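Undergrad: next come a sequence and a model predicted from it.
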Amino acid sequence: MNELIEKILKADEEARKKSQAIEERRARLEADITEAKNKMKAEYDAAADEEIKRQLEEKKKAAQAAWDEASKKYKKLGDDLKFSYNSNYEKWASDIAEKVKEGV
């Protein structure tokens, strides 16, 4: 009978050791999974940040190019208008004065 009790106690002890080993392995695996998940998230976040920076730079360059083009266009229009005014203001003033005289 003592032999049977010893076998039961020994089997119980072995079962506890195996159960503890399994629990320790589960905890390590869980920690490994958490670490891998955090690493993947950090890598994804870094890649996303880089993509955002790249796209922002592209958009800034495109916006600057559009601004430069519009500035050139409106500067040319302004220059043309000034040239036209400087070339014709005396004639225009004379024409306006003439029209006013005719209307009176």
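TA: Structure received. Keep in mind it's a predicted model, so treat the numbers as computed, not measured.
Undergrad: give me the element the residue nearest the centre of the chain is part of.
TA: What sits nearest the mean C-alpha location of the chain, by Cα atoms, centre = their mean, is residue 52, with 2.5 Å. Counting by DSSP states H and E, the element that carries residue 52 is helix 2-103.
Undergrad: mean confidence score for that helix?
TA: Averaging pLDDT along helix 2-103 yields 95.
Undergrad: what about residue 69, neighbour count?
TA: Burial of residue 69 is recorded as 10 neighbouring residues (other Cβ atoms under 10 Å). The way it works is simple: take the backbone N, C-alpha and C, and place the C-beta from them, glycine included.
Undergrad: ok, residue 41 next?
TA: Residue 41 has 10 neighbours, counted by other Cβ under 10 Å.
Undergrad: cool, and residue 30?
TA: Residues lying near residue 30 (other Cβ under 10 Å) number 10.
Undergrad: measure it to residue 18 for me?
TA: When distance is defined by Cβ to Cβ, to the nearest Å, residue 30 is 18 Å away from residue 18.
Undergrad: try residue 89
TA: For residue 89, the distance to residue 18 - Cβ to Cβ - is 103 Å.
Undergrad: what's the burial count for residue 65?
TA: Neighbourhood size, residue 65 [other Cβ under 10 Å]: 10.
Undergrad: check residue 92 too.
TA: Burial of residue 92 is recorded as 12 neighbouring residues (other Cβ under 10 Å).
Undergrad: from now on call the first residue 30
TA: Okay, residue one is now 30; in that scheme the one you just asked about reads as residue 121.
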